[in-house]
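Okay, sequence plus prediction incoming.
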Amino acid sequence: MEILKISARSVPNSVAGAIAGVIREKGAVEVQAVGAGAANQAIKAVAIARGYLAPSGMDLICIPAFVNVMIDSEERTAIKLIVEPR
């Protein structure tokens, strides 16, 4: 499954386009965000992507979880959102 890493400075519309593209190609995508700002941008992007895919008859669901990631050789906890069509 393809992983999209989101930061607090990510543009939600651009991320939504990437989410929609990956879902059209591969059927599902994993979105990872570390920190409150990044999680906010990720959730907004999923909501926008849902609007992008709705006209083609796809309704998205989002499965949240935690995952440990290495950033600058330090382990951090990220929010992982598995996004797939229902």
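Received it, and whenever you're ready, just let me know what you need.

what about the residue nearest the centre of the chain, which helix or strand?
In the chain, the centroid-proximal residue (Cα atoms, centre = their mean) is residue 31; its distance is 3.0 Å. Using DSSP states H and E, residue 31 sits within strand 29-33.

Show me what that strand packs onto, helices and strands only.
Strand 29-33 is packed against strand 3-6, helix 12-26, helix 36-53, strand 74-85, with contacts defined by 3 or more Cβ pairs under 8 Å, 6 or more residues apart in numbering; DSSP states H and E. For every residue, glycine as well, the C-beta is placed using N, CA and C.

can you rerun that using 10 Å?
In terms of contacts (3 or more Cβ pairs under 10 Å, 6 or more residues apart in numbering; DSSP states H and E), strand 29-33 is packed against strand 3-6, helix 12-26, helix 36-53, strand 60-71, strand 74-85.

ok, and the closest non-adjacent residue to the residue nearest to the centre of the chain?
Nearest residue to residue 31, sequence neighbours excluded (Cβ to Cβ, 6 or more residues apart in numbering): residue 81, at 4.4 Å.

How many neighbouring residues does that neighbour have?
Neighbours of residue 81 under the rule other Cβ atoms under 10 Å: 22.

Mind listing the residues bridging to it?
Beta-bridge pairing of residue 81, defined through DSSP bridges, involves residue 31, residue 64.

gap between it and residue 10?
The span separating residue 81 from residue 10 equals 13 Å under the rule Cβ to Cβ, to the nearest Å.

just residue 49 next, same as before
Using Cβ to Cβ, residue 49 is found at 13 Å from residue 10.

Mind checking which of those two has more residues around it?
Taking residue 49 and residue 10 together and counting by other Cβ under 10 Å, residue 49 has the greater number of neighbours (27 against 20).

circling back to that earlier point, between residue 81 and residue 10, what contacts are shared?
Taking Cβ atoms under 10 Å, 6 or more residues apart in numbering as the criterion, residue 81 and residue 10 both touch 4, 33, 42, 45.

which one among those residues gets closest to residue 63?
Sorting the shared contacts of residue 81 and residue 10 by distance to residue 63 puts residue 42 at the head of the list, at 13.1 Å, by Cβ to Cβ.
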